[in-house]
Structures are given as C-alpha cells and as structure tokens.
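Undergrad: Sharing a model prediction with you, sequence too.
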Amino acid sequence: MPSIRLKLETEGGMDDNSELLSARGLRKTYGDRVAVHEVSLALRPGEVLGLLGPNGAGKSTTVGMICGLTVPDAGSVTMADGVSLASDEAGYKRRIGLVPQDIALYEDLPARMNVELFGALYGMAPDVLKRRTDEVLALVGLSDRAKDKPATFSGGMKRRLNIACALVHDPEVILLDEPTAGVDPQSRNAIFDNLEALKAAGKALIYTTHYMEEAERLADRITIIDHGRVVASGTQAQLFALLPAAQTLQVDLGGEPDDALLAGLPGVTRSGQRLEVRVADVARDAGALMAALAQRGLQVRGIATARVTLEDVFLQLTGRALRD
Ligand SMILES: Nc1ncnc2c1ncn2[C@@H]1O[C@H](COP(=O)(O)OP(=O)(O)OP(=O)(O)O)[C@@H](O)[C@H]1O
C-alpha cells in the first residue's frame with residue numbers, strides 16, 4: 001500500500017494576544033547541571049496546559065520559576081496585562097495558585113484552619129476568607145471533614161486539601177505539580193473531577209505529569225519537555241500529526257488463514273485468527289484491505305484501529321519511552 005501522511009486536524013499557531021500568561025526563555029542551572037534550557041510556554045484563559053515529561057525533565061523547576069519560588073538564571077514570566085514578578089511581585093503572586101508536588105499541610109490543625117492559614121498569607125478579609133474557605137472545601141469534597149485534621153486523612157484527601165489551600169485566594173492561574181502522585185485510582189478521579197470543575201469555572205491551569213493518560217484526559221494543549229527542553233507543543237491533534245503516517249488496523253478473521261493466502265498483502269502480521277495491518281491512511285486503505293481479504297476468500301469478523309497515544313509521540317520525538 002502506498003504510504004501517505006496520517007491526516008489529522010491541525011490548528012493555527014498561538015495568537016499572542018490571547019495569552020493569559022507567557023513564559024519566555026526560562027533557564028535554570030544547578031551547578032553544572034542545566035535543569036531547564038530556554039523553556040517558553042504560553043497559557044490561554046480558561047485552558048488546561050499539560051506539561052508532560054519523564055522524571056527529571058525539568059517540569060517542577062519550570063513551575064517553580066513560573067510561581068516565583070525558583071529564581072531563573074534567564075527568562076521571564078508575564079501576565080497578559082504586563083504584570084510580572086519583576087514589576088509587582090505581590091500582585092503577580094496573588095494571581096497564581098500553586099499545588100506543590102510535595103503535600104504542604106499542617107497535619108495537626110483542622111482542615112479548615114489549613115485553608116484559612118493560606119488565605120491569611122494573602123491578607124484576605126475575614127468574611128471573604130470564611131466564604132472562600134467554605135467554597136473551596138466544597139469544591140474538593142471535604143466540607144464534611146472541615147473540622148478533622150489532615151493527620152487522619154487518606155493520601156487522596158490530603159491531596160484534595162492541598163488543592164483547596166492553593167485556591168482559597170481565587171487565583172486566575174493554578175499550577176498543579178503532579179497532583180495525583182501516590183493516590184489511588186478513585187482519588188485520582190475525584191481530583192480530575194475537581195480540576196474539570198475549575199476549568200468549567202473559567203480558571204487556567206498548568207498541570208505537570210509524567211502520565212500521558214492524564215495529559216490526554218485533561219489538557220487542551222500539551223507542552224512536552226525532556227532534558228529541560230521543550231520538544232513539542234500543541235493540541236493533541238497537532239502532536240499526533242508529528243507521527244509518521246501509519247496506523248494499525250486489527251482484523252479478526254473467522255478462522256486461522258493459510259499464510260500463503262496472506263502473501264502479497266503488505267504490512268500484515270498474523271497472530272492466530274487476528275491480523276495486524278499497518279496502513280498509511282485508515283479511511284482510504286481499510287476498504288482496499290477488506291476487498292483484498294474478500295478476494296482471497298477470507299471472512300472478516302471484526303475490524304478495529306489501534307489508537308495512537310502521546311507515548312507514541314514522545315517515543316517519536318526522543319527515541320525513548322516516557323517512563324524509561
Ligand atoms: N534544588 C536542586 N538542586 C540540584 N538539582 C536540582 C534541584 N532541583 C532540580 N534539580 C535537577 O534538575 C533536573 C530537573 O528536575 P525537576 O524536578 O524540575 O524535574 P521534573 O520533571 O519535575 O521531575 P519529577 O517528575 O521527578 O519531579 C533534575 O536533574 C534534578 O535533579
């Protein structure tokens with residue numbers, strides 16, 4: 001079968017005017033090690049930007065520089081209206097909420113007081129702080145545990161309380177550094193529900209993860225980072241379009257075919273009654289394949305396409321698996 005590029009929907013480039021926050025040329029070295037080289041990224045209002053990369057890629061260092069905890073060696077981060085750490089540190093930080101990778105809670109203070117302490121750091125008025133504390137505890141599903149101490153919470157509940165603390169001052173941009181690390185699948189789903197609610201409320205999120213499934217589920221756009229460098233950035237469709245044109249069709253036959261019958265069919269490997277067929281364009285080539293199989297008297301019971309994933313994109317761009 002002739003090879004043609006896998007066709008996928010693509011979008012135009014980023015319109016600079018639509019950026020809520022933009023990081024340009026961020027760089028950070030620790031001794032001889034360059035943790036982050038020239039990282040640039042942009043966040044639009046109301047979107048989830050996934051920062052995807054393996055352990056040690058430089059995600060936390062990048063997030064640290066965006067929220068002002070880590071001082072960059074070079075580069076800058078600016079909000080759409082020009083406010084930056086350099087121009088107005090306190091004003092900038094009020095607009096950012098950080099959910100750190102390591103849970104930061106006072107284990108022996110009630111959940112509610114943990115949230116209020118974070119709010120007090122931003123000088124929130126008592127009545128506003130009370131209302132916001134109620135709201136964020138409700139958002140993360142912990143209203144009924146407000147009086148309990150985190151010391152008595154599960155790992156997933158602590159993660160959710162950590163998120164509530166980052167939200168109490170109602171930031172425009174929320175940075176989440178691997179917020180599902182070490183939580184069970186049920187708690188992970190609860191956290192995703194919280195994040196989807198935030199997105200629906202119009203918040204912009206930067207979400208770091210080394211789980212491509214999480215980036216695929218949550219992110220509107222994804223920046224892939226490896227060894228401190230951005231290796232690709234775009235919507236999932238744009239990233240998938242970076243893959244060489246090929247997809248796999250899985251064809252289930254009525255019985256085990258004679259291999260001689262499959263001779264002359266390109267890209268076919270057989271395992272029992274199942275054929276794996278590499279094609280360049282599913283929409284175009286599936287029909288020709290079905291016709292060729294019918295011509296050989298082979299009955300088809302079912303046909304499916306194997307889905308491409310961000311793991312395939314990472315492998316294509318770096319030559320390595322995300323979780324090496
Ligand atoms: N404070 C530090 N001192 C020295 N090296 C550091 C420091 N912080 C990070 N690094 C190094 O910088 C590189 C990037 O680390 P970073 O934590 O940003 O990666 P990451 O993508 O967030 O990884 P992970 O998913 O494991 O958290 C790593 O090589 C790490 O060892």
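TA: Good, I have the coordinates. None of these values were measured; they are calculated from a predicted model.

Undergrad: Output the below-cut-off pLDDT ranges for this structure.
TA: 1-17, 245-246, 324 (pLDDT under 70).

Undergrad: which residues touch the residue positioned nearest the centre of it?
TA: Closest to where the C-alpha atoms of the chain average out (CA atoms, centre = their mean) is residue 215, at 2.6 Å. Applying CB atoms under 8 Å, 6 or more residues apart in numbering to residue 215 gives the contacts 50, 52, 207, 209, 222, 310. Using the backbone N, CA and C atoms, a C-beta is placed for each residue, glycine as well.

Undergrad: Quickly find the element holding the spatially closest residue to it that is not a sequence neighbour.
TA: Distances taken as CB to CB, 6 or more residues apart in numbering put residue 50 closest to residue 215, at 3.7 Å, once the chain neighbours are dropped. Using DSSP states H and E, the element containing residue 50 is strand 48-52.

Undergrad: Wait, residue 269 touches residue 275, no?
TA: Yes - the criterion here is CB atoms under 8 Å, and residue 269 meets it with residue 275 at 7.2 Å.

Undergrad: More neighbours: which of these two?
TA: residue 275 (24 against 11; other CB atoms under 10 Å).

Undergrad: Tell me the spacing between the residue nearest to the more buried one when sequence neighbours are not counted and residue 243.
TA: Of all residues not flanking residue 275 in the chain, residue 251 sits nearest, at 4.3 Å (CB to CB, 6+ apart). Distance, residue 251 to residue 243, by CB to CB, to the nearest Å: 21 Å.

Undergrad: Give me the more crowded residue out of the two.
TA: Between residue 251 and residue 243, counting by other CB under 10 Å, residue 251 is the more crowded of the two (21 against 18).

Undergrad: And what about the more buried one, helix, strand or coil?
TA: Put simply, residue 251 is strand when judged by DSSP: H, G, I helix; E, B strand; the rest coil.
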